[in-house]
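1. predicted structure and sequence below. I'll ask about it afterward.
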Amino acid sequence: MKKIMFLVCLLLCLLLCLLLAGCGPQEKNTADSGKVLYTVTDATGTKLSFSEKPQRIVSLNVSADEILLDMVDSKRLAALSLLADDSGICSAGDKVKSVKGRAQGSNLESVLAMQPDLVIIPDYTVEPIQGLRSAGLKVYVCHTPNNVQDIFKFMKEIGSAVGEEAKGEEMAKNMESQLEAVRKQALQAAGEKPLNVLALSFTGPLGMRGTFSGVCYYAGVHNALDGMDIPYQGNLSEEKMLELNPELIITPSWDYSKKGDPEQFRQRILQNPAYKSIKAVKNGRVQSLHDNYLYSTSQYTVKAVQELAHAAYGI
């Protein structure tokens, strides 16, 4: 009986030791590759989870190119969009040279060749999305900015997608601060009556919708097309041009087709006899700004605002 009691006590002691050992410090499993670092939801409602920050990012949008080049180390960029090398529309300058790869969304092979761990594509490029996903790629579809406020969201969105949320927030905040500073100075120069501005492109007038109205707001000028519903790529008749009577006309500096001549476009406005009574023509205020800034939906929109404010008020 004493022997049985001894064995029972011994077993209880052993169990107690095991329990105490289990409550002690445990070694952290650092090899858990399945651990989710962050999760994001794109413009299509698709959720993407990452166990680490992507290191081979492919961008298929020129504004995303511009943002990423200021947001992440270029070593993390496997490829930029085809327009990255066109200085007429891309504002990143020599920064693009730090990334050798170029990819086109409609060419699945060119994207696959980059072996990306994340593909960033705009929501207006619908056709390639399913093909890229079917190939097993992580595809983040971005919302296309329709105004300047959307650009702030766009920057934050990309920051979240690449694991740089704080950087995206910082870039958006800095951009907003710069825009407000230009607006304050422009309004002081404008006085009681903001300058009436009309912007034209090779495909029609700018500003009915999109980011140009925001550029006008921060540059302290009045968009001549404000409130007008003109179809995309619609033309302004000579009668409408006379009715608008802009004090400053902005003409294009870049043409996607490479067929248009910006200076000839500007001269046609200046030399058209029907326009001689228009204030901008009469005062020789028909000029080109940098379209790579005007069309930008990135931090370089600040440059568009600065150029427009300078053209309007000399600031």
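-> Good, I have the coordinates.
2. distance from the chain centre to the helix ranked longest in the chain, please.
-> In the chain, with assignment by DSSP state H, the single longest helix is helix 165-190. Between the centre of helix 165-190 and the centre of its chain there are 16 Å (CA atoms, centre = their mean, to the nearest Å).
3. just the mean pLDDT for it, thanks.
-> If you average the pLDDT over helix 165-190, you get 98.
4. likewise for stretch 91-110?
-> 95.
5. list the buried residues in that stretch.
-> For stretch 91-110, a neighbour-count test (16 or more other CB atoms under 10 Å) marks 91-92, 95-96, 99, 101-105, 108, 110 as buried. Glycine gets a C-beta too; all of them are placed from N, C-alpha and C.
6. pull the CA atoms of that stretch into PDB?
-> The C-alpha trace of stretch 91-110 is given here as PDB (Å, rounded to 0.1, in the frame of the first residue of the first chain):
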ATOM      1  CA  SER A  91       7.400  63.500 -64.700                       C
ATOM      2  CA  ALA A  92       9.900  61.300 -62.900                       C
ATOM      3  CA  GLY A  93      12.800  62.300 -65.100                       C
ATOM      4  CA  ASP A  94      16.100  60.300 -64.600                       C
ATOM      5  CA  LYS A  95      14.600  58.300 -61.700                       C
ATOM      6  CA  VAL A  96      13.100  55.900 -64.300                       C
ATOM      7  CA  LYS A  97      16.600  54.800 -65.300                       C
ATOM      8  CA  SER A  98      17.000  53.100 -62.000                       C
ATOM      9  CA  VAL A  99      14.400  50.500 -63.100                       C
ATOM     10  CA  LYS A 100      15.300  48.500 -66.200                       C
ATOM     11  CA  GLY A 101      12.100  46.600 -66.700                       C
ATOM     12  CA  ARG A 102       9.100  47.800 -68.800                       C
ATOM     13  CA  ALA A 103       5.800  46.000 -69.000                       C
ATOM     14  CA  GLN A 104       2.500  46.400 -70.900                       C
ATOM     15  CA  GLY A 105      -0.700  45.200 -69.400                       C
ATOM     16  CA  SER A 106      -2.100  43.900 -72.700                       C
ATOM     17  CA  ASN A 107       1.000  41.800 -73.100                       C
ATOM     18  CA  LEU A 108       0.800  39.000 -70.500                       C
ATOM     19  CA  GLU A 109       4.200  37.600 -71.500                       C
ATOM     20  CA  SER A 110       5.900  40.900 -70.800                       C
END
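7. who's in contact with it?
-> With contacts defined as CB atoms under 8 Å, 6 or more residues apart in numbering, stretch 91-110 is touched by 58, 60, 65-66, 69-70, 74, 77-82, 84-85, 87, 90, 111, 113-114, 121, 125, 127-128, 131-132, 135, 290, 292-293, 296, 298, 300, 303.
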